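**Student:** all I have is the shape, not the residue letters:
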């Protein structure tokens, strides 16, 4: 293994949106099951509307039950459609990326036994391995978490396959069980 792995990176807007979305949504049960949650909320709303505005008595009959079943059959697919409303978050993240010169700068990132160093024209940062609470290896990125929803993420596209393996070896050595590796 080489002593140091160094890469240059310039995040694209797609990198930024993907990385931020992953870090924010990875641990929230709502985001994992939101189409069920939204569907269920729609169904409950339908039931409450039905009870308040269409019933004058407190008795249920077969047609009410049928309406509730049809409401549920409609609510779940409607909830699933809302799952695709992430475009609002993506739009916001794209605007954030476009408004920040720092996010668009090219950076040099170095990995060594001492930790991770990032350097650009505007910022220098050193992260020791002990500051990293978790590592996640996804199909497209490496995520170095230093809190549950904050991470340094690096697209794998900037690394050679050999460099990716060297990063994984460093992570195994320094993070052990805190690392979720694909390979």
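**Tutor:** It's in. Remember, predicted model here, so these are calculated numbers, not experimental data.

**Student:** okay, buried residues for stretch 130-150 please.
**Tutor:** 132, 134, 135, 136, 137, 141, 142, 143, 144, 145 (16 or more other C-beta atoms under 10 Å). To be clear about C-beta, it is placed using only N, CA and C from the backbone, and glycine gets the same treatment.

**Student:** roughly how far does residue 96 sit from residue 25?
**Tutor:** Separation of residue 96 from residue 25 (C-beta to C-beta, to the nearest Å): 16 Å.

**Student:** can you get me a residue count around residue 125?
**Tutor:** Residues near residue 125, counting by other C-beta atoms under 10 Å, number 12.

**Student:** partner strands of the helix or strand where it lies and their direction?
**Tutor:** Assigning secondary structure by DSSP states H and E places residue 125 in strand 124-127. Listed by DSSP bridges, the sheet partners of strand 124-127 and their directions read strand 115-119 (antiparallel).

**Student:** which residues touch the partner strand?
**Tutor:** With C-beta atoms under 8 Å, 6 or more residues apart in numbering as the test, strand 115-119 has contacts from 107-110, 124-129, 131-132, 144, 152.

**Student:** average pLDDT for it?
**Tutor:** For strand 115-119, mean pLDDT is 96.

**Student:** tell me where the chain has helices.
**Tutor:** Applying DSSP state H to the chain gives helices spanning 13-25, 29-32, 34-53, 62-82, 87-99, 101-104, 161-175.
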